[in-house]
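[1] Predicted coordinates and the sequence they were generated for:
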Amino acid sequence: MKFYVSLAFLDVSELTEIARAADELGYDGIAIPDHVVNLEKLSTPYPYTPDGQRRWQPFTHWPDPWVLVGALSQVTSRVKFVTTVYIPGMRDPFSVAKSVGTAACLSGGRVEFGVGVGWCADEFALMGQPFERRGTRTDEMLELIRQLWQPGWTSFDGEFYQVPRLEMEPTPPPVPIYVGGLSEIALRRAARNDGWIGDLITTDQAVAAATRVRELRVENGLPLEGFEILTPLADAYLPEHFERAAQAGITGNVTMPWMFYSGPTATLAEKIEGLKRFRVDLGL
């Protein structure tokens, strides 16, 4: 199983050292979340907690993922960078394709594009993008973005986007697309792409999702080989926990190892020590 280190909710001043340590210690990747702003009041509750309250406090840092990948890729040599998850539907497809493609070039092909359709109607409105039909529009965006990442001229005639003949450079190295979400439609969307990426869920939930998305791959005549299933596991911390997940087809775990040892108030030194200790404890 692969292990990715999450940078969620961390002070931006710590990120370079954490990424460098993860790279040197043999972690497989860095996971980067996405929000443009954090609104004080929301008309829609946060969907990933029982009470609808957000997991972070006001004034938590949310650095731009692609600026961050460009910077962190220059102090690392092997870790990959995955977004957990980026919301393309809040942007236009051309800016998304340009930012992600540039980051992929700067990192030497170490970008994995984790996407979701989004939950925050207020943030969509602020960004000037429609919240309605965002799933269908995201599907079309991903199709267009893949074309924009190809060399040569391209044009596109979709329901939402009509694109005259154009080219976008630099052409990036291959960028796999992983899709998040637990609904049936989200799992179907993931099965059509290169992987599924989960939120913080239990191993039972992750196994159920992994089983279903793999079934959908088979139903669509698509190979399981190379299909990534990457998620945080809320109740996994021992080798046998991760072994069970791996046997169910889960290929990667997103984690913050210092939480097991020092908790959410860990200093930078304690975070790096937690990265070291976690690998020793798992025998990695």
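    Yes, it's here.

[2] how about residue 84, what does it touch?
    6, 8, 31-34, 114, 180, 197, 254 (C-beta atoms under 8 Å, 6 or more residues apart in numbering). The way it works is simple: take the backbone N, C-alpha and C, and place the C-beta from them, glycine included.

[3] want to throw those residues into a markdown table with pLDDT?
    As requested, these are exported to a markdown table (pLDDT from 0 to 100):
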| residue | pLDDT |
| --- | --- |
| 6 | 98 |
| 8 | 97 |
| 31 | 98 |
| 32 | 98 |
| 33 | 97 |
| 34 | 97 |
| 114 | 98 |
| 180 | 97 |
| 197 | 97 |
| 254 | 98 |
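
[4] Can you pick out the ones from those that are in strands?
    Using DSSP state E, the members of the contacts of residue 84 that fall in strands are 6, 31-32, 114, 180, 197, 254.

[5] now residue 173: how far from residue 150?
    Here the criterion is C-beta to C-beta, to the nearest Å. By it, residue 173 lies 12 Å from residue 150.

[6] Repeat that for residue 124.
    Plainly put, residue 124 is 28 Å away from residue 150 if you go by C-beta to C-beta.

[7] And these two? Which one has more around it.
    More crowded of residue 124 and residue 150, by other C-beta atoms under 10 Å: residue 124, with 19 against 12.

[8] mind checking the SS state of the more buried one?
    Three-state call for residue 124 (DSSP: H, G, I helix; E, B strand; the rest coil): helix.

[9] Spatially nearest residue to it, not counting backbone neighbours?
    residue 131 (4.3 Å; C-beta to C-beta, 6 or more residues apart in numbering).

[10] repeat for residue 127
    residue 90 (4.5 Å).

[11] Would you agree that neighbour is in contact with residue 125?
    No: checked against C-beta atoms under 8 Å, the pair residue 90 and residue 125 is beyond contact range at 9.8 Å.

[12] neighbour-wise, which of those two wins?
    Comparing residue 90 with residue 125 by neighbour count (other C-beta under 10 Å), the higher total belongs to residue 90, at 23 against 14.

[13] Dihedrals phi and psi, that one?
    The phi/psi pair for residue 90 (degrees, to the nearest 10) reads phi -80, psi -10.

[14] residues in contact with it?
    For residue 90, the contact set (C-beta under 8 Å, 6+ apart) comprises 36, 118, 123-124, 127, 129.

[15] With respect to residue 282, which of those residues is nearest?
    residue 118 (33.7 Å; C-beta to C-beta).

[16] Report how many residues lie close to that closest one.
    With other C-beta under 10 Å as criterion, residue 118 counts 21.

[17] could you pull out the strands for the stretch 1-150 of the chain?
    Ranges of strands in the stretch 1-150 of the chain, per DSSP state E, counting those that start in this stretch, are 2-6, 29-32, 80-83, 111-115.

[18] Make JSON lines from the ones you listed and add distance to residue 164 and mean neighbour count to it.
    Formatted as JSON lines, these follow (distance: least, C-beta to C-beta, whole Å; neighbours: other C-beta atoms under 10 Å):
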{"stretch": "strand 2-6", "distance to residue 164": "39", "mean neighbour count": "22"}
{"stretch": "strand 29-32", "distance to residue 164": "33", "mean neighbour count": "25"}
{"stretch": "strand 80-83", "distance to residue 164": "29", "mean neighbour count": "26"}
{"stretch": "strand 111-115", "distance to residue 164": "25", "mean neighbour count": "27"}
